[in-house]
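# Coordinates for the following, if possible.
(one chain, ligands or ions: 1)
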Amino acid sequence: MEVKVASSRGFCFGVEDAIEIAEAAVRDHGAGKVVALGPVIHNKQVVGALEKAGLDQSGDLETIDSSQAVLIRSHGASPETMARAHERGLDVVDATCVLVKRAQNVVKQLHERGYHVVMIGDPNHPEVKGVVGYAPNVTVIDRGCDLAEALPYRERLGIVAQTTHSPEHVADMIAEILKRPYREVKIVNTLCLEVTRRQEAAVALSREVEVMFVLGGLNSANTCELARLCKDEGCETHHIETWEQFEFRMVEGKRVAGVTAGASTPESVIEEFVKNLGKT
Ligand code: SF4
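Numbering: from 1, shown residues only. Next up, the predicted model:
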């Protein structure tokens, strides 16, 4: 099997930083003394390695005791969560990605300048849950959402998007919003260029191959988006986490396969997959 690998794939700087910060925090505070408010990233292998190193990722702010530090993940947290952590006197280790921090600040500023903030994103994603806390009454909209019902009538809208969404999807949503009679719509681009580059590379590769493999957590938003974009190109696409989930039927009758990976997938997972796939 000929295997082609996407020119941009795998770990982004935000995920690399979050892992380094988590490892350093465990070294400084000791095993079992740092509690993350959920898995540090959406990748089982990395989460397992951090757990082994002594990081507790089952965190609930209210059950962390004062001898432990709280780790804020790359997805960030709401101002209420940050305030509560400080109120409880906990040592806060902040691994929020700088691009997520920027989105949080943009939301705050838009509200202060009189815009009703609209966020294009998945309301259940931890990044979105954190970002919307930076202004009151933020409206969250996403695919399949009834805009007529969801969007309030306000004269001035300020729009941001979840960092991992694709520019095409965000542009489609904005086009729909612009069909409505708003006097002023301010759009701030909060998309992550690291993610956009991976999306462009995945789409380009999916046009060259007979089957695409997208590696990464099934709950990782940016990995799911990569898989969706490849499928939309009409390429048979399999979103799996590691080589262990590979089945020979996925490549039966095929000669050229493409491989890409989400921003939270380690290079070791990609290398192992590519090496094994090349032998089929
Ligand atoms: S994908 Fe982008 S926004 Fe998310 S952690 Fe990585 S660099 Fe930050």
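# Tell me which helix or strand the residue in the chain sticking out farthest from the centre sits in.
Largest separation from the mean C-alpha position in the chain: G253, at 33.9 Å (C-alpha atoms, centre = their mean). Taking DSSP states H and E as the definition, one finds G253 inside no helix or strand.
# Could you identify the longest helix within this protein?
Assignment by DSSP state H gives helix 13-29 as the longest helix of the chain.
# quick one: the closest residue to the ligand within the chain from R102, how far?
Residue nearest to the ligand within the chain (C-beta to the nearest ligand atom): G14, separated by 2.5 Å. The C-beta positions use only the backbone N, C-alpha and C, and glycine is treated the same way. Per C-beta to C-beta, to the nearest Å, G14 is found 11 Å from R102.
# more neighbours, these two?
More neighbours surround G14 than the other of G14 and R102, with 23 against 15 (other C-beta atoms under 10 Å).
# For that one, report the pLDDT, please.
You'll see G14 listed with a pLDDT of 94.
# Then the one 4 residues further on?
At A18, the predicted lDDT confidence score is 95.
# Let the chain start at 710 from now.
Sounds good: first residue 710 from here, last item A727.
# Next up, the contacts around it.
749-750, 782-783, 804, 806 (C-beta atoms under 8 Å, 6 or more residues apart in numbering).
# These also near the ligand: which ones?
Filtering these for neighbours of the ligand using C-beta under 6 Å from any ligand atom leaves 783, 806.
# top of the contacts of A727 by neighbour count?
Greatest neighbour count in those, by other C-beta under 10 Å, goes to I750: 32 neighbours.
# Excluding covalently adjacent residues, which one is nearest to it?
S973 (4.1 Å; C-beta to C-beta, 6 or more residues apart in numbering).
# near the ligand, which residues of the stretch 710-859 of the chain?
721-724, 783, 806, 808-809.
# Next up, the contacts around L799.
Contact partners of L799, counting by C-beta under 8 Å, 6+ apart, are 770, 773, 775, 777-779.
# ok so the residue nearest to I750 is a strand residue?
No - read with DSSP: H, G, I helix; E, B strand; the rest coil, S973 is coil and lies in no strand.
# which residues does it contact?
So S973 contacts 720, 724, 750-752, 755, 925-926, 929, 931-932 (C-beta under 8 Å, 6+ apart).
# Need the max-distance pair from these.
V755 and N931 (14.4 Å; C-beta to C-beta).
# what about V809, distance to N928?
Going from V809 to N928 by C-beta to C-beta gives 17 Å.
# Which one's more surrounded, the two?
V809 (23 against 13).
# residues near A792, how many?
The local packing of A792 (other C-beta under 10 Å) involves 12 other residues.
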